[in-house]
Each structure stands twice: as structure tokens, then as C-alpha cells.
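Asker: Got a predicted structure plus its sequence, pasted below:
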Amino acid sequence: MKKYAPRCTVCATPLADTSRGFKKVLRAIFGRTLYCPHCKMDVPKASAVVMGETYGLHLTHLKLQVRDAAMQLARLDLNDALRAIEPGLSREQINPAHSMENLLQFAREVYRPLLLEQAKARHASLEAGLRRDATGRATAAGVWGHSSAETGEREWDLLFARVGKDQYIVYQAPRPVAWLHEAVRLKRGKGNGQGAHHGSGVQVLPRQKAG
Ligand SMILES: [Zn+2]
């Protein structure tokens, strides 16, 4: 039934038993800890298994969101892609992702601290949103990340656009990005609207423009 590898409860590094032969068998049966090479400490095996499962679920959810958003993106030339992410953005500021897997890897690395927070049941959120042009075409996408109160409620935005069949450009925004915030807010609003069929007769009001 185990789907994900056990992970360190502190740093979320996947933990594997590196001992061999008879030692490995003994450890598998009697060992109660797994060693984290990053933290240089033994982690109780049961906790590492739980950590592996919860971290794995949050990571899978993030990957699904990124993949889903990326697949909806229109293919643009580089200049249009840069503009779609943020006007004035230069090619020196972005990173290329040469495949979907590469793009997912970016997201996984950037959001490691937030995934760790989520796995520890803190209030961190990771949500993807799309930017659309006047014709409704999706020109850029991003993940709106928000850390928990324990870590200062920081915002981490990762933006991307598509420049080839399976090629993307990726940008880690140093400041909160307004269009992404709006896209996520809209998506949440839609989600609530769809879920609000309880026969109460209460209508979901059209969204209000802020400001
Ligand atoms: Zn560790």
C-alpha cells in the first residue's frame, strides 16, 4: 500500500536504508529509525513514513496543478511570453525549462519549504492560476505560494509561459504578482460557486471588483 518513500521529518529528504546484505534485513525488521544524511540524525521510522506520505500527497497535488496549467498555455514567441509574464521582463531574468518534467522540477525545488510546511500541517498554500488575454487565450501561468504565519506569511510566486511544444520559460518573481493573485481569487470564487448547490435558495453574487 505504501506509495511514497519515507522522508526526514525535519528537512523532508527522502530516506532510504543504505546498509546492505544481512544488516539491511535486520534493520528492515528491527530498525526503528532511518538516518537522514542531510540533518545527520536518526529519524523514527514511523514518523518518517507519515512524513513521506503527507509530503508526497502535497507534492503530487502541486505537480498536477502545474501540469494542468502548463497544458492550457498557448505557444508564444519568446518576446510575447516575456511580456505575458511581466511587462519589462528580460531574457536574462528567466530560466528555460526544456520539458514538462523540467518545469515540474522547478516547482518542486522552489516550493520545497512550503511543501514541508504543508506536510507539517501548517497553513501554507500553493495554488496555480492562469493569465488570459482579451480573446480568452491562456498566455502565462503561475503558482501563488503563501507560507504560514510561523514563517512570516511570505509570498512566493513562480511564473511560467510556453515557448515551444514542450518548452517553457520560468520566472521567480521577487514581488507579489497582481494578475496571479487575481487569477487565484477568481478560481477560488468559481470553486465556491460550484459547491454552493444546497437548495438553500442563496444565490452566489457576481464577484466584486476590488478597489
Ligand atoms: Zn533531514
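Answerer: All right, it came through fine.
Asker: Give me the nearest residue to the residue nearest to the spatial centre of the chain, chain neighbours excluded.
Answerer: Compute the mean C-alpha point of the chain, and by CA atoms, centre = their mean the closest residue is Leu62, 3.7 Å away. Once flanking residues are discounted, Leu62 sits nearest to Leu126: 5.3 Å by CB to CB, 6 or more residues apart in numbering. Backbone N, C-alpha and C define where each C-beta goes, glycine included.
Asker: Am I right that the one you found is in a strand?
Answerer: Yes. Assessed by DSSP: H, G, I helix; E, B strand; the rest coil, Leu126 belongs to a strand.
Asker: Make 12 the starting number, not 1.
Answerer: Sure, I'll start numbering at 12, so the last one becomes Leu137.
Asker: isn't it right next to Glu128, touching?
Answerer: No. Using CB atoms under 8 Å, Leu137 makes no contact with Glu128, being 9.7 Å away.
Asker: Provide a list of residues in contact with the residue nearest to the centre of the chain.
Answerer: Applying CB atoms under 8 Å, 6 or more residues apart in numbering to Leu73 gives the contacts Ala118, Arg119, Tyr122, Leu126, Leu137, Val154.
Asker: model confidence over the strand or helix carrying it, on average?
Answerer: Using DSSP states H and E, Leu73 maps to helix 56-83. What helix 56-83 shows for mean pLDDT is 95.
Asker: Can I get the helix or strand of the chain with the lowest mean pLDDT in PDB? Just the C-alpha atoms.
Answerer: Every helix and strand of the chain was ranked by mean pLDDT, DSSP states H and E. The lowest is helix 32-41, at a mean of 75. Extracted in PDB, the C-alpha atoms of helix 32-41 (Å, rounded to 0.1, in the frame of the first residue of the first chain):
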ATOM      1  CA  GLY A  32      23.000  -7.600   3.000                       C
ATOM      2  CA  PHE A  33      22.200  -9.200   6.300                       C
ATOM      3  CA  LYS A  34      22.400  -5.800   8.100                       C
ATOM      4  CA  LYS A  35      19.800  -4.400   5.700                       C
ATOM      5  CA  VAL A  36      17.500  -7.400   6.600                       C
ATOM      6  CA  LEU A  37      18.000  -6.900  10.300                       C
ATOM      7  CA  ARG A  38      17.400  -3.100  10.000                       C
ATOM      8  CA  ALA A  39      14.200  -3.700   7.900                       C
ATOM      9  CA  ILE A  40      12.800  -6.000  10.600                       C
ATOM     10  CA  PHE A  41      14.100  -4.500  13.800                       C
END
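Asker: All set, thanks.
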